[in-house]
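Student: Pasting the sequence and the predicted coordinates here, then a few questions.
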Amino acid sequence: MHRVPLSKPYIPSHAIQALEKCLQSGWIGYGPACHTLEKRFTKMHDGWAIATSSCTSALYLAAQLLKCPEKDEVIIPAITFTSTAMAFLSAGYKVQLADVDPRNLCLDQEKTKALISKRTRAIVVVHLYGQHIDVNHLVKLCRENNIMLIEDYAHRLTILDDHAPLGDFACYSFNAVKEAPGGEGGLIWSRHEEYYPTAQTISNVGLGVDTWQRSEILKHKRYEFSKSIGLKLRLNDIAATLINCSIECLSETREKRKHIFSQFDNALKSSSDIEYIQRHEDDSYLMYVVKLSARINRNIFRDSLAHLGIATSVHYPSLSQHLAIKSNFSKIENADILSEKILTLPCFPSMSTWQVDKVINAVTTTMEKYEGVS
């Protein structure tokens with residue numbers, strides 16, 4: 001049986017030659033390819049950027065830059081990948097979960113307002129599944145309460161946008177299933193220049209000079225110790241080379257995803273049991289997520305698709321059930337209900353016509369079992 005995977009990284013053909021050049025250069029750590037990646041973002045958005053080992057590292061770095069006093073809090077949406085919570089828990093914050101908007105499963109901005117306390121240090125908004133969320137209300141809310149806004153852009157890159165992120169920090173992902181895959185990787189961007197020196201140091205195990213800078217001369221420069229406590233949070237040039245090549249094809253791959261979304265939307269629009277999320281032109285179309293009706297048993301539905309050769313996943317279970325933080329919360333109405341009904345279907349740039357048709361036919365075949373059943 002031919003199987004359709006949930007995702008498949010898009011590797012441009014010219015990436016092989018670029019990787020060969022990187023490998024032959026004699027330098028594969030944090031260096032010129034990483035600097036090129038950073039400049040792509042600062043050229044578009046000004047500010048500063050540091051290529052990190054993951055989006056989790058970028059979020060953790062943002063958390064550290066805010067200098068969390070004991071018991072400081074951060075508000076994050078209840079439906080997001082666990083990294084959003086883990087980065088701040090690891091940095092010593094208490095995580096407050098905000099409910100989500102049932103229309104797009106992103107942070108409910110009105111309900112977030114009620115969670116702000118004198119201990120709130122930041123709000124994290126996640127542009128979930130590649131959606132571009134209007135954060136103007138959150139920007140105003142954060143300014144009124146003297147707190148930071150961090151935008152989690154793990155599911156979309158902003159370098160095609162005609163404006164910079166509106167938050168204080170933006171964190172990106174180059175994981176294998178993201179828009180510009182590098183295997184692993186991330187990037188932190190900020191509009192606040194005063195944070196840059198500290199960010200450089202924290203992301204470089206507390207040293208003021210990284211290895212690339214030290215080795216610019218034959219007599220390597222001295223290590224520069226600082227008062228900052230840091231970890232190795234930087235990206236490497238191998239991954240950055242892959243990422244840079246993928247970014248060059250970003251417009252093309254987005255259009256391919258968008259076309260696949262439109263085919264799925266057309267196939268499902270008459271169904272009363274599957275609701276897809278309405279997308280807009282500035283979406284990245286990274287994940288095709290649907291909401292199943294109450295009468296559909298998701299496990300049985302997924303078993304049927306698997307039997308027909310279709311991979312599925314759930315993005316994401318509500319973090320109110322996370323063992324590290326669940327004791328802090330009672331039921332979070334929308335997030336807890338919706339996280340039991342959402343389902344992710346396959347979508348990737350190299351998806352062939354027969355694979356798209358196979359997914360549509362498998363979903364249609366499975367839905368036929370529910371026809372006439374009340």
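Tutor: Looks like it arrived, so ask away.
Student: Going by C-alpha atoms from here, please, whenever you check contacts or count neighbours.
Tutor: Will do.
Student: I'd guessed Tyr276 sits against Ser270; true?
Tutor: No: using Cα atoms under 8 Å as the test, Tyr276 is too far from Ser270 to be in contact (11.1 Å).
Student: Comparing those two, which residue is more hemmed in?
Tutor: Tyr276 (20 against 10; other Cα atoms under 10 Å).
Student: any chance you could map the helices in this structure?
Tutor: Applying DSSP state H to the chain gives helices spanning 14-24, 32-45, 55-65, 82-90, 109-113, 136-145, 196-202, 211-214, 237-247, 250-268, 298-307, 333-338, 353-368.
Student: Among the ones you listed, single out whichever gets nearest to Pro317.
Tutor: In terms of Cα to Cα, the element of the helices of the chain nearest to Pro317 is helix 333-338, at 7.8 Å.
Student: what residues does that closest one touch?
Tutor: With Cα atoms under 8 Å, 6 or more residues apart in numbering as the test, helix 333-338 has contacts from Ala78, Ile79, Asp99, Val100, Asp101, Pro102, Leu105, Lys291, Pro317, Ser318, Ser320.
Student: Dump the helices of the chain to TSV, plus mean neighbour count.
Tutor: Listed next are these as TSV, based on neighbours: other Cα atoms under 10 Å:
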stretch	mean neighbour count
helix 14-24	14
helix 32-45	18
helix 55-65	25
helix 82-90	19
helix 109-113	16
helix 136-145	15
helix 196-202	20
helix 211-214	14
helix 237-247	25
helix 250-268	17
helix 298-307	16
helix 333-338	18
helix 353-368	16
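Student: Among those, single out whichever gets nearest to Phe225.
Tutor: Going by Cα to Cα, the one of the helices of the chain nearest Phe225 is helix 196-202, 9.1 Å.
Student: Number of residues surrounding Tyr370?
Tutor: With other Cα under 10 Å as criterion, Tyr370 counts 12.
Student: what about it, distance to Thr312?
Tutor: According to Cα to Cα, to the nearest Å, Tyr370 stands 19 Å off from Thr312.
Student: So what touches the worst-scoring helix or strand of the chain on mean pLDDT?
Tutor: When the helices and strands of the chain are scored by mean pLDDT, DSSP states H and E, helix 211-214 comes last with a mean of 87. Residues outside helix 211-214 that contact it (Cα under 8 Å, 6+ apart): Gly29, Tyr30, Gly31, His220, Lys221, Arg222, Tyr223.
Student: so how far is stretch 172-185 off the chain centroid?
Tutor: 9 Å (Cα atoms, centre = their mean, to the nearest Å).
Student: I should have written stretch 14-30 there, sorry.
Tutor: With Cα atoms, centre = their mean, you get 26 Å for stretch 14-30.
Student: pLDDT on that stretch, on average?
Tutor: Taken as a whole, stretch 14-30 carries a mean pLDDT of 96.
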